[in-house]
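Enquirer: Compute the structure for the input listed below.
(one chain, ligands or ions: 1)
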Amino acid sequence: MENTPWWKQRVIYQIYPMSFKDSNGDGVGDLRGIIEKLDYIRDLGAGAIWLSPVYDSPMEDNGYDISDYYSINPLFGTMRDMDELISEAHRRDLKIIMDLVLNHTSNQHEWFRKSVEDIEPYNDFYIWKPPINGKKPNNWNGFFGGDVWEYVPARGEYYLHLFGKGQPDLNYRNPLLLDEIKKMLKFWLDKGVDGFRCDVINILYKESFENGRFGLPRGLEHYRSTIGNHRILQYLQETVFRPYHAFTVGESVLVTPEEANNYVAGEERELDQIFYFDHLCSNQIVVKWFRKKFVPAVFQKQIVNWMNAVDWNANSLESHDQPRSVSCFGNDGRYLSSSAKMLGMLLLSLRGTPYLYQGEEIGMTNFPFRIPEDVRDLEALNALRIAKKIGIPAHVRQKMIWSVSRDNARTPVQWDSSHNAGFSQNAPWIPVNPNYDTVNINNQIKEEDSVLNFYKRMIALRNTDEVLRLGDFQLSSCGEIFDFRRSLSGSTYRILLNFTEKKQQKSNVEGIILISTLGDHKGPAGILSPYEGLIIKETVYHEKM
Ligand code: GLC
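Expert: Numbering: from 1, shown residues only. Below you'll find the predicted structure:
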């Protein structure tokens with residue numbers, strides 16, 4: 001369809017630069033490593049790359065703590081490499097989406113240093129509050145657990161940090177800050193980037209600093225999706241994003257479908273899309289560290305809820321913040337390959353834009369942690385510290401945290417079966433998953449039946465098929481088999497996904513099989529092998545019967 005924007009037509013591939021490909025042997029992935037692999041991404045069929053932050057940063061939160069929005073972290077390369085990456089990606093018809101962290105900077109940012117010294121106009125660029133009766137300004141707590149206020153003797157005040165101590169929150173009541181943000185966005189758009197993934201975008205504007213009610217994190221009601229937050233995004237949309245035709249996808253904190261529509265619906269939309277995470281949290285008990293058994297129907301119902309409530313979603317099963325999907329919602333043992341393909345079919349047959357995270361396309365799994373020294377992530381380290389403080393025994397807290405730590409998704413991409421999985425000549429910054437000798441890209445390119453080759457077929461089908469890209473979503477049923485339809489202009493596809501390790505049977509399945517995760521589906525379409533997924537072009541139109 002002619003007027004359909006590119007972001008409704010393409011699969012977006014997320015790169016976490018630290019762990020993608022190291023070109024200079026320092027154990028950390030880099031921009032030249034990405035340039036080397038652009039053909040791989042194009043051959044996969046993706047049409048855009050979302051690049052996690054590559055700006056200068058002390059890396060307390062792996063780049064989500066920016067110390068200079070205008071320069072590239074030397075760990076990743078130079079601005080010249082970045083310019084080359086943009087032009088080489090465009091030469092292959094791949095769009096580039098930068099990560100945009102607006103809620104906070106690093107405490108090493110020049111603005112913050114000047115703010116600490118009370119130098120105008122930066123003195124008011126962050127959220128500073130004096131002590132109240134010698135104590136912290138309020139009772140809020142943070143997304144990484146623990147405190148959100150840090151006292152700075154030089155100013156005699158506390159600053160707010162909803163994430164790490166090294167990530168002070170910016171003050172969006174200050175119009176001068178917004179001017180700086182606009183300038184920075186234009187700098188990147190003038191360089192030719194195609195859009196932004198907007199980090200924790202619904203918590204920019206803090207409406208009040210009253211104490212929070214009980215909740216996790218406490219205080220959220222004072223800053224989540226405030227009117228001020230909407231005003232800021234409307235302003236950026238009018239003054240920067242729309243005039244530049246820049247694409248925006250929001251990552252947001254504890255967002256509901258209703259709230260999401262306030263950002264993405266209508267002509268005046270503030271963002272093009274929003275990620276939802278309810279399905280990924282469906283096996284959590286209150287916080288991510290406590291998990292219950294995975295129940296397919298509960299997971300699927302969360303997806304359906306978003307499909308029904310929001311016209312166009314940002315769909316994902318993985319990212320740098322989530323453990324590996326096949327380890328959580330599939331079977332990373334005997335059915336690794338089949339369940340990874342089935343989850344791939346799910347991601348690529350929902351209505352919305354699919355976001356594929358590096359390594360997901362080969363079925364990379366969670367990391368088999370054995371020793372505490374293997375943990376790298378700030379959030380996991382904080383959680384371990386808090387769990388120790390409240391007396392949870394070492395083996396219990398390690399088990400809890402290891403299986404959900406963000407480190408699981410951050411192990412190096414497994415390119416081949418050589419030393420360090422072909423990621424680096426030298427020891428990587430985070431250990432390689434030992435299954436790289438069997439699960440790797442090089443092997444999977446050669447095996448016709450691999451997870452990777454299934455992804456390629458499935459993406460190619462989606463790229464050439466309007467029903468899969470643009471069709472409506474209708475649920476048939478949730479459960480051991482996720483059964484739904486996509487329809488457009490009189491054509492209907494039925495998608496059947498077996499979420500179990502048992503053979504399953506479904507009645508009234510008629511039509512032509514377009515694709516099976518098994519490659520070749522033998523026998524009637526209504527019989528599914530363990531973890532099999534099928535897309536069937538229906539020849540009988542049920543709604544007309
Ligand atoms: C987002 C990022 C995450 C980061 C946090 C703070 O949730 O995806 O990796 O730690 O924001 O910037």
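Enquirer: And for whichever residue of the stretch 201-350 of the chain sits closest to the ligand, the neighbour number?
Expert: At 4.7 Å from the ligand, residue 321 is the closest residue in the stretch 201-350 of the chain, using Cβ to the nearest ligand atom. Glycine gets a C-beta too; all of them are placed from N, C-alpha and C. When neighbours are defined as other Cβ atoms under 10 Å, residue 321 has 19 of them.
Enquirer: For residue 310, give me its contacts.
Expert: Residue 310 makes contact with 257, 260, 261, 264, 265, 274, 276 under the criterion Cβ atoms under 8 Å, 6 or more residues apart in numbering.
Enquirer: Quick check: of the residues you listed, which has the highest neighbour count?
Expert: residue 274 leads the contacts of residue 310 on contacts (other Cβ under 10 Å) with 27 neighbours.
Enquirer: got a markdown table for the contacts of residue 310, with secondary structure, pLDDT and distance to the ligand too?
Expert: Formatted as a markdown table, the contacts of residue 310 follow (DSSP: H, G, I helix; E, B strand; the rest coil; pLDDT from 0 to 100; distance: Cβ to the nearest ligand atom, whole Å):
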| residue | secondary structure | pLDDT | distance to the ligand |
| --- | --- | --- | --- |
| 257 | helix | 97 | 19 |
| 260 | helix | 97 | 16 |
| 261 | helix | 97 | 21 |
| 264 | helix | 97 | 18 |
| 265 | coil | 92 | 23 |
| 274 | strand | 98 | 13 |
| 276 | coil | 97 | 14 |
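Enquirer: which one of the residues you listed sits closest to residue 479?
Expert: Taking Cβ to Cβ as the measure, residue 479 sits nearest to residue 276 out of those, at 21.0 Å.
Enquirer: what sits against the closest residue to that closest one other than its chain neighbours?
Expert: Residue nearest to residue 276 in three dimensions, not counting chain neighbours: residue 306, with 4.7 Å by Cβ to Cβ, 6 or more residues apart in numbering. By Cβ under 8 Å, 6+ apart, the residues touching residue 306 are 257, 260, 276, 278, 279, 313.
Enquirer: Mind pulling up the pLDDT for residue 306?
Expert: pLDDT, residue 306: 98.
Enquirer: Give me the buried positions along stretch 193-210.
Expert: Neighbour-count burial for stretch 193-210 flags 193-206, 209 (criterion: 16 or more other Cβ atoms under 10 Å).
Enquirer: Nearest residue to the middle of this protein?
Expert: residue 319 (3.7 Å; Cα atoms, centre = their mean).
Enquirer: Tell me, how many residues neighbour residue 27?
Expert: Counted with other Cβ under 10 Å, residue 27 comes out at 18.
Enquirer: Then residue 371?
Expert: 8.
Enquirer: Repeat that for residue 368.
Expert: Neighbours around residue 368, by other Cβ under 10 Å: 12.
Enquirer: my guess is it meets residue 432, correct?
Expert: No. Residue 368 lies out of contact with residue 432 (Cβ atoms under 8 Å); the separation is 11.4 Å.
Enquirer: coming back round to it: check the buried residues of stretch 193-210 one by one and keep those near the ligand.
Expert: Contacts with the ligand within these, counted by Cβ under 6 Å from any ligand atom: 199, 200.
Enquirer: out of the buried residues of stretch 193-210, which are inside strands?
Expert: Among the buried residues of stretch 193-210, DSSP state E puts 195, 196, 197, 198 in strands.
Enquirer: Contact partners for the second one?
Expert: This points to residue 196. 97, 98, 99, 100, 185, 188, 246, 247, 248, 249.
Enquirer: what about 7 Å?
Expert: Contact analysis of residue 196 by Cβ atoms under 7 Å, 6 or more residues apart in numbering lists 97, 98, 100, 246, 248.
Enquirer: Skipping adjacent residues, who's closest to residue 460 in space?
Expert: Residue 460 sits nearest to residue 45 (Cβ to Cβ, 6+ apart), 5.4 Å away.
Enquirer: How many residues are close by that neighbour?
Expert: By other Cβ under 10 Å, neighbour count at residue 45 equals 22.
Enquirer: ok, now residue 249?
Expert: With other Cβ under 10 Å as criterion, residue 249 counts 23.
Enquirer: Helix or strand for it, just tell me which one.
Expert: Using DSSP states H and E, residue 249 maps to strand 247-250.
Enquirer: Tell me the strands beside that strand, with direction?
Expert: strand 195-198 (parallel), strand 273-274 (parallel) (DSSP bridges).
Enquirer: so which of these comes closest to residue 290?
Expert: strand 273-274 (25.8 Å).
Enquirer: Max pairwise distance over the contacts of residue 310: which two?
Expert: 265 and 276 (14.3 Å).
Enquirer: residue ranges of the strands in the stretch 101-250 of the chain, please?
Expert: 128-129, 149-152, 157-160, 195-198, 247-250 (DSSP state E, counting those that start in this stretch).
Enquirer: Report all helices and strands that the third one contacts.
Expert: Contacts defined by 3 or more Cβ pairs under 7 Å, 6 or more residues apart in numbering; DSSP states H and E place strand 157-160 against strand 128-129, strand 149-152.
Enquirer: tell me the mean pLDDT over it?
Expert: For strand 157-160, the mean confidence score works out to 98.
Enquirer: What does the pLDDT read for the closest residue to the ligand within the chain?
Expert: Evaluated by Cβ to the nearest ligand atom, the chain has residue 64 as its residue closest to the ligand, separated by 3.4 Å. As predicted, residue 64 sits at a pLDDT of 98.
Enquirer: Please work out how many residues are found near the residue lying closest to it once chain neighbours are set aside.
Expert: Nearest non-adjacent residue to residue 64, counting by Cβ to Cβ, 6+ apart: residue 101, 5.5 Å away. Residue 101 sits with 28 neighbouring residues when counted by other Cβ under 10 Å.
Enquirer: And residue 163, by the same measure?
Expert: Residue 163 has 23 nearby residues by other Cβ under 10 Å.
Enquirer: likewise the one 4 residues further on?
Expert: Neighbour count of residue 167, defined by other Cβ under 10 Å: 25.
Enquirer: isn't it right next to residue 160, touching?
Expert: No. With contacts counted by Cβ atoms under 7 Å, residue 167 stays clear of residue 160, the gap being 10.1 Å.
Enquirer: quick one: residue 248 and residue 194, what's the gap?
Expert: 10 Å (Cβ to Cβ, to the nearest Å).
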